[in-house]
Each structure stands twice: as C-alpha cells, then as structure tokens.
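K.L.:
Need the 3D shape of this:
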Amino acid sequence: MIRALRLLLLIGAPLMLAVILWFHPAGADDENIFEGVREDVDDWLFVHTLFLLFIPLLALAAYVLLRGLTGTAATVSRVSLVFFLCYYTAYEVTIGLGSGVLVEYANDRPVSEQAVLADAIKHYNQDDILGDPMSISLALGLLGWVVAMLAAAVAFRRAGASWPLTVLLGLSAFIAIHPPPVGPAALVCFAAAAVLIERWRTRDMRVNMSSPTPGMESATAAG
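P.N.:
Residues are numbered from 1 along each chain as shown. Purely as a prediction, here's the structure:
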C-alpha cells in the first residue's frame with residue numbers, strides 16, 4: 001500500500017499535471033494581459049486552480065525522490081524545494097488565479113470600463129514583488145525548482161545512478177516554465193526519472209539482500 005501511494009505521488013501526479021497543463025491557454029505578452037486571457041478565462045482559472053493544488057504535491061514528490069541520499073547536493077536540493085514551494089505558490093496565487101479573477105470581472109463590465117480595467121490588470125501583473133515577467137517571488141520560485149532538480153541530478157549521479165536518470169532529472173528543471181509544450185514535457189521527464197530511480201533502488205535492495213552479511217562466508221567455511 002505504501003509503495004502504491006509512493007508511485008502515485010512520484011509518477012501519477014506529474015503525469016496528471018502534464019495533462020492538465022497541456023490545456024494552459026497561451027495568454028498574452030505583458031502589455032496586453034486582458035485581451036490575451038479574456039477569451040480563455042474559464043480555462044485559465046481551471047488550469048491554474050489545479051496547478052496550485054499540484055505545487056505542494058510536486059515539491060513532496062521531489063523530496064521523496066531524495067529519500068536516503070546524503071551529502072551537500074542532496075541538502076541543497078531539499079532546501080531549494082522550500083523556496084519553490086513558498087515563492088512559486090505566492091506567484092501562482094497572484095498571477096495565475098488573481099489575474100484570472102480580474103479578467104473574469106472585467107469581462108462582465110461595460111465596454112466603456114474595460115480599458116481602465118485592462119490597464120489595472122497590466123499594472124497588477126507587473127508588480128515587482130509578485131508579478132511578471134520577473135519579480136522577486138517568481139525569481140526565487142523558479143530558482144528554487146531549477147536548483148533543486150539540478151542538485152538532485154548531481155546527488156543521484158554521485159550515488160551511482162545512470163546517466164539517463166541524471167539527464168532526465170536535469171531536464172525536469174524546465175517544469176519551472178509550466179505552459180505547454182515545455183512544462184508537460186519536463187513533467188514526463190520527472191515521471192520517467194522516478195521510474196528509473198525506483199528500479200535502481202529495487203535492484204540495489206535485491207543486491208544487498210543477496211549479499212552475505214559480514215562474517216557469514218567465514219562462518220560457512222568454518223562449518
């Protein structure tokens with residue numbers, strides 16, 4: 001049961017999120033947020049609401065992947081996940097959900113008011129602390145995930161993992177760019193890396209179980 005839940009977290013959750021993010025609307029550039037989102041505001045709110053729920057699951061999945069690993073790289077990865085969870089969540093609430101709610105409100109207002117509201121939405125998105133294209137919150141959130149994945153790749157490589165596993169973990173850093181096709185593709189890489197990690201750990205466990213315990217060979221020989 002525990003193994004099934006772990007696999008659901010490590011593999012099922014990233015793949016489900018990849019499917020959800022594939023429906024992420026294109027949006028618009030920073031100068032025309034309202035016009036870019038207004039036609040797809042329902043999809044925008046749906047995707048970002050679910051994405052907000054998956055952020056802690058993604059951070060937890062990455063933390064579980066690091067189970068048993070020690071050393072500087074593993075520690076850096078774990079600490080970086082905290083930055084991702086805290087700051088990327090703040091960014092997602094503000095820009096993802098907040099912008100969608102404002103656009104939805106503006107859609108229901110008279111045309112004569114929409115130009116003013118569109119300018120307000122643009123200003124809201126350009127906040128230096130929480131907004132786009134690069135705010136404090138977004139920078140720390142993105143950096144947190146990228147460093148976490150790259151450090152995890154180093155940690156696993158030092159522990160003897162294969163190069164395909166290491167590369168897949170490195171590519172998972174691109175989850176930080178969540179709209180399709182980059183975000184979904186990076187999530188598939190994360191799930192594939194999790195599969196390889198589970199197989200690697202199972203193989204090592206079998207090897208350890210089949211290896212004689214210290215002193216066993218000499219005891220057998222003496223008998």
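
K.L.:
check contacts around the residue nearest to residue 21 when sequence neighbours are not counted.
P.N.:
Of all residues beyond its chain neighbours, the one nearest residue 21 is residue 183 (4.7 Å), with distances taken as CB to CB, 6 or more residues apart in numbering. For every residue, glycine as well, the C-beta is placed using N, CA and C. Residue 183 makes contacts with 18, 21, 24, 174, 175, 177, as judged by CB atoms under 8 Å, 6 or more residues apart in numbering.

K.L.:
pretty sure residue 23 is touching residue 44, no?
P.N.:
No. Proximity of residue 23 to residue 44 does not meet the contact threshold set by CB atoms under 8 Å, at 9.7 Å.

K.L.:
more crowded one of those two?
P.N.:
residue 44 (25 against 14; other CB atoms under 10 Å).

K.L.:
Pull the contacting residues for that one.
P.N.:
24, 25, 27, 37, 96, 99, 100, 103.

K.L.:
so which of the residues you listed would you say is closest to residue 142?
P.N.:
The closest of the contacts of residue 44 to residue 142 turns out to be residue 96 (CB to CB; 14.0 Å).

K.L.:
Report the secondary structure element holding the nearest residue to the closest one once chain neighbours are set aside.
P.N.:
Computed as CB to CB, 6+ apart, the closest residue to residue 96 that is not its neighbour in sequence is residue 48, at 3.4 Å. Following DSSP states H and E, the helix or strand that holds residue 48 is helix 41-65.

K.L.:
roughly how far is the helix or strand that that helix is followed by from the heart of the chain?
P.N.:
Helices and strands here follow DSSP H and E; after helix 41-65, the next one along the chain is helix 72-83. Taking the mean C-alpha point of helix 72-83 and that of its whole chain, the gap between them comes to 14 Å (CA atoms, centre = their mean, to the nearest Å).

K.L.:
Let me know how buried residue 102 is, in neighbour terms.
P.N.:
Applying other CB under 10 Å, we find 20 other residues in the vicinity of residue 102.
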